[in-house]
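> Got a predicted structure plus its sequence, pasted below:
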Amino acid sequence: MTITITGGIIAAIGTIGPGVGIGLIGAKAVEAMGRNPDASGKVIPIMIVSMGFAEALAIYSLVFAFLK
C-alpha cells in the first residue's frame, strides 16, 4: 500500500479541522472549570467525548488517504 501525494494532502487537510476543534474544546473546558470549579465533574466527561468525536474525523481522513 503506497501513499501518493494526493493521499498526503488529504491527510494533511483532514487533520487541520479536528486539530483546531480539539484545541477549542480543551480551551473552553478549562475556561468553564476556571469559572465554576464545582462543575468540573460534569465538564470533563463531555470534553473527552467531544474530543473523541473530533479525533474520529481525523482518523476518517487518514483512512481515506490510505484508500486513495
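On my side now, so go ahead.
> What residues of whichever strand or helix holds residue 65 count as buried?
Per DSSP states H and E, residue 65 falls inside helix 40-67. For helix 40-67, burial by neighbour count (16 or more other Cβ atoms under 10 Å) applies to 43, 47, 50, 51, 54, 58, 61, 62, 65. Just so you know, the C-beta spots here come from the backbone N, C-alpha and C atoms, and that holds for glycine as well.
> which helices and strands does that helix pack with?
helix 5-35 (3 or more Cβ pairs under 8 Å, 6 or more residues apart in numbering; DSSP states H and E).
> State the mean pLDDT of the helix it packs on.
Averaging pLDDT along helix 5-35 yields 89.
> Same check on stretch 45-63?
pLDDT averaged over stretch 45-63 gives 90.
> can I have it written out in PDB, keeping just the CAs?
Extracted in PDB, the C-alpha atoms of stretch 45-63 (Å, rounded to 0.1, in the frame of the first residue of the first chain):
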ATOM      1  CA  PRO A  45     -16.700  13.700  30.600                       C
ATOM      2  CA  ILE A  46     -18.400  15.800  27.900                       C
ATOM      3  CA  MET A  47     -15.000  17.200  26.900                       C
ATOM      4  CA  ILE A  48     -13.500  13.800  26.500                       C
ATOM      5  CA  VAL A  49     -16.400  12.500  24.400                       C
ATOM      6  CA  SER A  50     -16.300  15.700  22.200                       C
ATOM      7  CA  MET A  51     -12.600  15.300  21.700                       C
ATOM      8  CA  GLY A  52     -13.200  11.700  20.700                       C
ATOM      9  CA  PHE A  53     -15.700  12.700  18.000                       C
ATOM     10  CA  ALA A  54     -13.300  15.400  16.700                       C
ATOM     11  CA  GLU A  55     -10.400  12.800  16.600                       C
ATOM     12  CA  ALA A  56     -12.700  10.400  14.700                       C
ATOM     13  CA  LEU A  57     -12.800  12.900  11.800                       C
ATOM     14  CA  ALA A  58      -9.000  12.900  11.600                       C
ATOM     15  CA  ILE A  59      -9.000   9.100  11.600                       C
ATOM     16  CA  TYR A  60     -11.600   9.000   8.800                       C
ATOM     17  CA  SER A  61      -9.400  11.300   6.600                       C
ATOM     18  CA  LEU A  62      -6.300   9.200   7.300                       C
ATOM     19  CA  VAL A  63      -8.200   6.000   6.200                       C
END
